[in-house]
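# sequence and predicted model, in that order:
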Amino acid sequence: MSYCSQCGKELVQGAKFCQNCGAPVESAAAAGTGAAGDGSASANTSSGDSSSASYAGYYERQNAQSQNAQRQNAQPNYNYVEQDIPSTGLNVLAFFLPLVGLILYLVYVDSTPRRAKAIGKFALIGFGVGVALGIIGAVIQGAVIASMFF
Ligand SMILES: [Zn+2]
């Protein structure tokens, strides 16, 4: 298994470009040694914007050196990663309709796992609150009915 030299993400076997950041995949032999040196070269080939090529090269080198997951937040390839941020509207929906939340979780878990996790969490909370209210309601009804007979 090999990893992207730009963002450190696991690479699909045989892929020519990183699925996460879109950087060209280097051969396995060069991956370990050429990370810093290839930064400018890959920036020149992959970035269509030639006016900011020097800045992009500098930016890529900085990231190649730090090689941590924070790059995911700043990485510019929006084609592959659609907005994986929690959705307040879907969270509220999941809270009030936990079954819908569960379905939404299953729909989103592959494409946007962070959003799916937030939806799943709110669905669980909503389900728990619903169960708690149901139990409280049953206890109150029981007490009312019992008080009529005793
Ligand atoms: Zn990458």
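Alright, I've got the coordinates.

# contacts, neighbours, all on C-alpha from now
Fine.

# surely residue 23 meets residue 17?
Yes - the criterion here is C-alpha atoms under 8 Å, and residue 23 meets it with residue 17 at 5.5 Å.

# so which bits of this structure are right by the ion?
Selection of the chain residues close to the ion by C-alpha under 5 Å from the ion yields 4, 6-7, 18, 20-21.

# so, low pLDDT: which residues of this protein?
27-82 (pLDDT under 70).

# picking that back up, residue 23 and residue 17: who's more crowded?
residue 23 (22 against 16; other C-alpha atoms under 10 Å).

# returning to what we had before: and the furthest pair within the residues of the chain next to the ion?
Greatest spacing in the residues of the chain next to the ion, by C-alpha to C-alpha: 6 and 20 (9.7 Å).

# compare those two (neighbour count), which wins?
residue 6 (28 against 20).

# sorry, back to before: residue 128: which of the residues of the chain next to the ion is nearest?
residue 20 (35.9 Å).

# mind checking the SS state of that closest one?
Under DSSP: H, G, I helix; E, B strand; the rest coil, the three-state class of residue 20 is coil.

# that one reaches residue 9, doesn't it?
Yes - the pair formed by residue 20 and residue 9 meets the contact definition of C-alpha under 8 Å, at 6.9 Å.

# tell me which residues in stretch 83-103 are buried?
86, 90-103 (16 or more other C-alpha atoms under 10 Å).

# farthest pair within the residues you listed?
Distance extremes for the buried residues of stretch 83-103: the farthest pair is 86 and 99 at 18.1 Å, using C-alpha to C-alpha.

# what segments of the protein are helices?
Assigned by DSSP state H, the chain shows helices spanning 28-31, 38-46, 53-66, 71-74, 88-96, 98-108, 113-149.
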